[in-house]
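Colleague: Dropping a prediction and its sequence here:
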Amino acid sequence: MSTAVVARVAAAAGLVAAGPVLVRVAPELLTPLRAFILASGLCFVAMALSLDVLSGHAGLPSLGHGALLAVGALTSGVATGRWFWPFAGGALLAAVVTAAIALAVALPAVRLAGASFALVTLALGLVLEQSLFRWQWLTAGTSLVVLPRPQIGAFVFDNSGDYIAIAAAVAVFAWVVEGNVAHSSLGRALHLVRDDPQVAQAMGIDPRRARIVAFVVSGALAGVAGSAFGHLLLTVSADTFRYSEISLPLLAVVVVAGGGSRLSVGAAGFFYAVTPRLLTFLRGWEAVLSGISLALAMVHSPGGAAEAVRRRRRRSLEPAEVRAHPFSPPASDSRSRSSDADRKVLVVSGLDVDRGDTAVLRDVSVSVRAGSVVAVVGPNGAGKTTLLDAVSGFVACRAGRIFVGGTDITNAPAHDRRSVGVGRTFQRLGLPAGMAVREALLVSMDTPGAWCGLPVLAGTPAARRCERRSAAAADEALERVGLCGLGEVPMGELSVGQRRLVELAGALGQGREVLLLDEPSAALAPAAVQALAKEIRSVRDAGTAIVLVEHDLPLVRAVADEVMVLAGGRLLACGPASEVLGDPDVVAAWLGARPLP
């Protein structure tokens, strides 16, 4: 076990033991009121971190989180108060029940985003707030639920100072789980889904499934946090978890602190809980202050306080050293693919695509061999990007078939096509500007679907070793594209050419069979275009089949083995680059010098 891990374990143990020790060593310092305030603050840390998984990492603003906390408190109260379960059993049952409710809500709700999702969760919160504590079979005919203090053997945590240990343990648990989510393939998938769902699908991530996992994890943590908060208060009712006192303030905490930063979110949650109790003149104004803070943060600093601190820190650092190296794919790719250079990796046959009532592609066929570049050219509106969208699964085909490596992927969803070897870049800069370079490469190297596994959340040694291997592979990729030392720099701070390099390295990932490039030279300087041509040739020579949509004629001449010309959604010409590009009629049609046939 490393020194850093030992230090973190010792710090967590010290935090858990601090309350019981202080209340006995210095009772005048840790009075019952102060102990209650500190325990409340720690419970709010856990509650805020549970929401951060959903609203911070997945970008889904929930206004009904208080309802899940209420369910957790109620479930634990029934389990411990009526069935005489231990606190750990009640908290576990609360996690299971709230996770199940979160799953039931997530299945239809995650198809929405932004304000629509927030309204659905708000409706959930209001429904449970008005009905949960009216069920007599749950509340035994009263409007509240009594929760006993936890007990271990004969020892009861009836002293607020002792209960700090319970609250601290729950806060540490939420901290560890949220950290494992943030620094894993699950967190990277959520960040990409939050910033650009279409790019996430091109990386093999199912946005709906990722959001459902985030909602379930968030719900389970909310159950545990609500249980801890309920046992601290001893009695809970509908008023305890009112929208204005729990859900809105927690969302404000996550947004103002900076979603995805557990340190900022945890600190803000603790500050929100203890400040009104220490500064009594603020009591009763929590909802007003939360609403104002939320509005100001969304207008002036959408990234929250954490992002503002990161920007300031980056400006204070000296620019990282960049060592230029020619791009070169891993040597293993060349050896594995050189033997099947004549194999047709991508075959598109008789493809028809409609957008509404408009025919975009009609009877388009193309085949691409391993280790070759087919350039798709034509005037604007010819259907070039639509062809790439069809191959990568973003538009449906009315007719025709698409095969990759002999596998029919015509009806496969976009996020499943990466598993058969399809990589894609977009005409726009696809990887989010706020994502760090290394994180962007890691998410492209993650095995599709691997982020669903429980080892990610548990932080097992095997999962940590896998993360270290992935990080090393990402650093090697940065070395290959000549961006050493820029792993922690946000994508938005790179030049356009550098971002294109990162996207190209990410699209290659782990041995892509087919690489779809949509106008990669867009916004590049002539020198950068020449470098891009060299990189495309290197990728081609490694055995990858490349389909290149491009308007830059010199780049097409430099890299294309074959050229297919689209005009009005139909195939105008297809053949060796030297022949097609030498046909005056083709060039005239492409450049718009005469009407298209």
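Modeller: It's in.

Colleague: where exactly do the helices run in the stretch 451-597 of the chain?
Modeller: Using DSSP state H, counting those that start in this stretch, the helices assigned to the stretch 451-597 of the chain run over residues 454-458, 461-480, 496-508, 526-541, 553-559, 577-581, 584-591.

Colleague: any idea which of those helices scores lowest on pLDDT?
Modeller: Of all the helices of the stretch 451-597 of the chain, the segment with the smallest mean pLDDT is helix 454-458, scoring a mean of 45.

Colleague: Turn the helices of the stretch 451-597 of the chain into CSV, including mean neighbour count.
Modeller: The way it works is simple: take the backbone N, C-alpha and C, and place the C-beta from them, glycine included. Formatted as CSV, the entries for these read as follows, by neighbours: other C-beta atoms under 10 Å:
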stretch, mean neighbour count
helix 454-458, 16
helix 461-480, 16
helix 496-508, 22
helix 526-541, 18
helix 553-559, 18
helix 577-581, 17
helix 584-591, 16
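
Colleague: gap between the helix or strand that contains Val120 and the chain center?
Modeller: Assigning secondary structure by DSSP states H and E places Val120 in helix 114-131. Between the centre of helix 114-131 and the centre of its host chain there is 23 Å, according to C-alpha atoms, centre = their mean, to the nearest Å.

Colleague: Quickly list what Gln151 is bridged to.
Modeller: Listed by DSSP bridges, the beta-bridge partners for Gln151 are Val156.

Colleague: For it, give its distance to Val253.
Modeller: With the distance defined as C-beta to C-beta, to the nearest Å, Gln151 ends up 31 Å from Val253.

Colleague: neighbour count winner among the two?
Modeller: Taking other C-beta atoms under 10 Å, Gln151 and Val253 do not tie; Val253 has more neighbours (32 against 14).

Colleague: before we move on, the earlier item: check which helices and strands the helix holding Val120 sits against.
Modeller: The elements that helix 114-131 packs onto, with contact taken as 3 or more C-beta pairs under 8 Å, 6 or more residues apart in numbering; DSSP states H and E, are helix 65-81, helix 87-109.

Colleague: quick one: average confidence on the first one?
Modeller: Pointing back at helix 65-81 there. Summarised as a single mean, pLDDT over helix 65-81 is 92.

Colleague: Just give me the longest helix of the chain.
Modeller: For the chain, the helix that runs over the most residues, judged by DSSP state H, is helix 207-233.

Colleague: And that helix, what's buried?
Modeller: Of the residues in helix 207-233, those buried by neighbour count under the rule 16 or more other C-beta atoms under 10 Å are 207-232.

Colleague: The helices of the stretch 451-597 of the chain: which one's closest to Gly400?
Modeller: Among these, the nearest to Gly400 by C-beta to C-beta is helix 577-581 (22.2 Å).

Colleague: Are there helices or strands packed against that closest one, and which ones?
Modeller: Judged by 3+ C-beta pairs under 8 Å, 6+ apart, helix 577-581 is in contact with helix 553-559, strand 562-567.

Colleague: Can you give the distance of the longest one from its chain's centre?
Modeller: Translated: helix 553-559. 36 Å.

Colleague: tell me what it is packed against?
Modeller: Under the contact rule (3+ C-beta pairs under 8 Å, 6+ apart), helix 553-559 is packed against strand 373-377, helix 526-541, helix 577-581.

Colleague: The nearest residue to Glu129 once chain neighbours are set aside and Phe133: what is the separation?
Modeller: Using C-beta to C-beta, 6 or more residues apart in numbering and skipping residues adjacent in sequence, the residue nearest Glu129 is Ala238, 5.6 Å away. Between Ala238 and Phe133 the distance, using C-beta to C-beta, works out to 4 Å.

Colleague: Repeat that for Val176.
Modeller: Counting by C-beta to C-beta, the gap from Val176 to Phe133 is 32 Å.

Colleague: Same check on Ala79?
Modeller: Distance, Ala79 to Phe133, by C-beta to C-beta: 16 Å.

Colleague: just Ser419 next, same as before
Modeller: From Ser419 over to Phe133 (counting by C-beta to C-beta), the distance is 47 Å.

Colleague: of these two, who's got more company?
Modeller: Set side by side, Ser419 and Phe133 show more neighbours around Phe133, with 22 against 14, by other C-beta under 10 Å.

Colleague: coming back round to it: okay, buried residues for the helix holding Val120 please.
Modeller: Neighbour-count burial for helix 114-131, with 16+ other C-beta under 10 Å as criterion, is recorded at 117-118, 120-122, 124-126, 128-129.

Colleague: what's the closest of those to Leu494?
Modeller: When these are ranked by distance to Leu494 (C-beta to C-beta), Phe117 comes first, at 31.4 Å.

Colleague: now that closest one, nearest residue through space, not along the chain?
Modeller: Spatially, and ignoring its direct neighbours in sequence, Phe117 is nearest to Leu60 (5.2 Å; C-beta to C-beta, 6+ apart).

Colleague: ok, now Tyr163?
Modeller: By the measure of C-beta to C-beta, 6+ apart, the closest residue to Tyr163 outside its immediate chain neighbours is Phe157, 4.8 Å from it.

Colleague: of all the buried residues of helix 114-131, which comes closest to Thr407?
Modeller: Closest to Thr407, out of all of the buried residues of helix 114-131 and judged by C-beta to C-beta, is Phe117, at 34.9 Å.

Colleague: State the pLDDT value of that closest one.
Modeller: pLDDT, Phe117: 87.

Colleague: now do Arg134
Modeller: Among the per-residue scores, Arg134 holds a pLDDT of 71.

Colleague: okay, now it: neighbour count?
Modeller: If you count neighbours by other C-beta under 10 Å, Arg134 ends up with 10.

Colleague: My reading is that Ala412 is in a helix; is that accurate?
Modeller: No: secondary structure assignment places Ala412 outside any helix; it is coil (DSSP: H, G, I helix; E, B strand; the rest coil).

Colleague: Nearest residue to it in space, please, no chain neighbours.
Modeller: Distance criterion C-beta to C-beta, 6+ apart; nearest residue to Ala412, sequence neighbours excluded, is Gly393 at 6.2 Å.

Colleague: wait, what's in contact with that neighbour?
Modeller: In this structure, Gly393 makes contact with 201, 409, 412-417, judged by C-beta atoms under 8 Å, 6 or more residues apart in numbering.

Colleague: let's see it at 10 Å
Modeller: Each residue near Gly393 by C-beta atoms under 10 Å, 6 or more residues apart in numbering is listed here: 201-202, 402, 409-418, 422, 424.

Colleague: Spatially central residue in the protein, please.
Modeller: Of all residues in the chain, the one closest to the mean position by C-alpha atoms, centre = their mean is Leu190, 1.4 Å from it.

Colleague: Nothing else from me, thank you.
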